[in-house]
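Trainee: can't give you the sequence, but here's the structure:
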């Protein structure tokens, strides 16, 4: 493992997707770790896990008769969504005058993508938003935050949106 000098910043990875929970987690993180200090102690990495076209199409996958025609269209849409997600995240950062940001889009399951990125960047903290799924939905879909909390080799911070009062 690489040694870090005292002037080298630790890395904080923030997972970004196209949900309000992700945007809130990024805003909360910026407000608490980056905009309050004149010289933030962390280097910020924004990471989006882009699903593969075959996983987005689902179980039909290559067995589906029209897969050859559909997959390039789905992949193109996923790339556009990824670009929009990263662009929105960068705008949130720039509105808070946080400009020293690395952005990355990696294709794959978010659980694996995030844990692999922790290793790649030797991250100290991984930040994920909580979608607030109930127990059944979480059991069916699998919680990215639960998985990362158990498998990432760093501190995992799960940012939950406060419940709004009506």
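Mentor: Good, I have the coordinates. Values in this document were obtained by computation on a predicted structure and should not be read as measured data.
Trainee: pLDDT weak spots in this structure?
Mentor: Along the chain, the parts satisfying pLDDT under 70 run over 1-7, 58-67, 132-142, 165-166.
Trainee: Name the single longest strand found in it.
Mentor: strand 42-50 (DSSP state E).
Trainee: Buried by neighbour count: which residues of the helix or strand following it qualify?
Mentor: Next along the chain after strand 42-50, taking DSSP states H and E as the criterion, comes helix 53-57. In terms of neighbour count (16 or more other C-beta atoms under 10 Å), helix 53-57 has its buried residues at 53, 56, 57. (Glycine included, C-beta is placed from N, CA and C.)
Trainee: now the second one, nearest residue through space, not along the chain?
Mentor: Going back to what we said before, that points to residue 56. Leaving aside its sequence neighbours, residue 56 sits nearest to residue 74 (C-beta to C-beta, 6 or more residues apart in numbering; 5.4 Å).
Trainee: that older thread, tell me what the longest strand of the chain is packed against?
Mentor: strand 10-15, helix 67-95, strand 101-107, helix 110-121 (3 or more C-beta pairs under 8 Å, 6 or more residues apart in numbering; DSSP states H and E).
Trainee: ok, residue 131 - contacts?
Mentor: With contact set as C-beta atoms under 8 Å, 6 or more residues apart in numbering, residue 131 has these partners: 19, 21, 143.
Trainee: Quick check: it is in a strand.
Mentor: No: counting by DSSP: H, G, I helix; E, B strand; the rest coil, residue 131 is not part of a strand but coil.
Trainee: so residue 149 makes contact with residue 156?
Mentor: Yes: counting by C-beta atoms under 8 Å, residue 156 is a contact partner of residue 149 at 4.6 Å.
Trainee: The two: who's more crowded?
Mentor: A count of neighbours by other C-beta atoms under 10 Å puts residue 156 above the other of residue 149 and residue 156, at 22 against 15.
Trainee: Secondary structure element holding that one?
Mentor: Residue 156 belongs to strand 155-159, assigned by DSSP H and E.
Trainee: which residues sit against that strand?
Mentor: If you take C-beta under 8 Å, 6+ apart as the criterion, strand 155-159 is touched by 21, 24-25, 28-29, 124-130, 145, 148-149.
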